[in-house]
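Student: the amino acid sequence is not available; the structure is as follows:
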């Protein structure tokens, strides 16, 4: 997410944690920033339906629930076997990625 974007601020209001969502993202970006020349890092301002972590033909999907911190919501481990669920989340990820902007305005 984009710590300056409206969607993280909306999520923060839903979870009632007083700015913590954008603050956590900003803190994580501080750790990721040195990797910016090695990996692509992008920021998006789309609604946070879930968090997707992809590793080749496997992914972890943290399903977000209105009003709850992600740490208290279900997590799915999905493998690309027949492609049905995997491709659904992959297509979602790719749509968000295409609309995201590169970190610090660099190449994405």
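Tutor: Now that the structure is in, tell me what you want to look at. All values reported here derive from a predicted model rather than from experimental measurement.
Student: state the pLDDT value of the most far-flung residue of the chain relative to its centre.
Tutor: Distance from the C-alpha centroid of the chain, by Cα atoms, centre = their mean, peaks at residue 82 (24.5 Å). Residue 82 is assigned a pLDDT of 76 by the prediction.
Student: equivalent analysis for residue 19, please.
Tutor: 68.
Student: repeat that for the one 4 residues further on.
Tutor: Predicted confidence (pLDDT) at residue 23: the value is 80.
Student: and the helix or strand hosting residue 88, how far from the chain's centre?
Tutor: Using DSSP states H and E, residue 88 maps to helix 84-99. Helix 84-99 has its C-alpha centroid displaced from the chain centroid by 12 Å (Cα atoms, centre = their mean, to the nearest Å).
Student: just stretch 57-68 next, same as before
Tutor: On Cα atoms, centre = their mean, the centre of stretch 57-68 falls 9 Å from the chain's centre.
Student: do the same with stretch 94-108
Tutor: Offset of stretch 94-108 from its chain centre (Cα atoms, centre = their mean): 12 Å.
Student: residue numbering should commence at 38 henceforth.
Tutor: All right, first residue 38 from here; so that's stretch 131-145.
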